[in-house]
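structure here, sequence nowhere to be found:
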């Protein structure tokens, strides 16, 4: 049986309109390990996805032939104002994550498809965020979007601040 204690830590939370709740458990059955983005990335063995990431060519223009027309439609969908994220589109975005890198301004949209409860997906997301091309994006808008409450992950927030630092 666990005893749960609630504390209101007003000194830590500067926004007093939202209380902070701390849960304290007397002991754990298993050791708890937290994921550090850098250590997690270093621990990962080179996988097929990492090889794909390295070989992903960021072409400026694609020839309008067969398969590339489908890719262009996908890129236009990523850029569209009417972009709507359904469960099916989440799966598609995750499956086509390396193609999403060809549309640099789609980073915030792509991050919404990450399953943050899955450790392997989080490590994959960290690798992709670290290698995401930032040359042709509006750093202020992208960084502000990544600092929104929709993206609570510390590594994503750090990447947003780093993006601002490099552009200011």
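All right, it came through fine. Source: prediction; values computed, not measured. Residues are numbered from 1 along each chain as shown.

for residue 24, grab the count of nearby residues.
Residue 24 has 10 neighbouring residues, counting by other Cβ atoms under 10 Å. Any C-beta I mention is one placed from the backbone N, CA and C, and that applies to glycine too.

now it: how far from residue 85?
Distance of residue 24 to residue 85, given as Cβ to Cβ, to the nearest Å: 36 Å.

what's the answer for residue 112, then?
Distance of residue 112 to residue 85, computed by Cβ to Cβ: 6 Å.

quick check on residue 137: phi, psi?
Main-chain torsions, residue 137, degrees, to the nearest 10: phi -120, psi 160.

isn't it right up against residue 106?
No - contact between residue 137 and residue 106 fails when scored by Cβ atoms under 8 Å: they sit 9.3 Å apart.

which of those two has more residues huddled nearby?
Between residue 137 and residue 106, residue 106 has the larger neighbour count (other Cβ under 10 Å), namely 21 against 18.

what's the pLDDT at that one?
Looking at residue 106, its pLDDT is 82.

ok, now how distant is it from residue 96?
Taken as Cβ to Cβ, the span from residue 106 to residue 96 is 10 Å.

could you do residue 154 as well?
Distance of residue 154 to residue 96, given as Cβ to Cβ: 26 Å.

between these two, who's got more neighbours?
Comparing residue 154 with residue 96 by neighbour count (other Cβ under 10 Å), the higher total belongs to residue 96, at 16 against 10.

ok, that one to residue 134 distance?
For residue 96, the distance to residue 134 - Cβ to Cβ - is 20 Å.

likewise for residue 88?
From residue 88 over to residue 134 (counting by Cβ to Cβ), the distance is 28 Å.

more neighbours, these two?
Legend: neighbour count by other Cβ under 10 Å for residue 88 and residue 134, higher for residue 134 (16 against 8).

how about the secondary structure of that one?
With DSSP: H, G, I helix; E, B strand; the rest coil as the basis, the three-state label of residue 134 is coil.

wait, it sits on residue 105?
No - look at residue 134 against residue 105 with Cβ under 8 Å: they stay out of range, at 9.8 Å.
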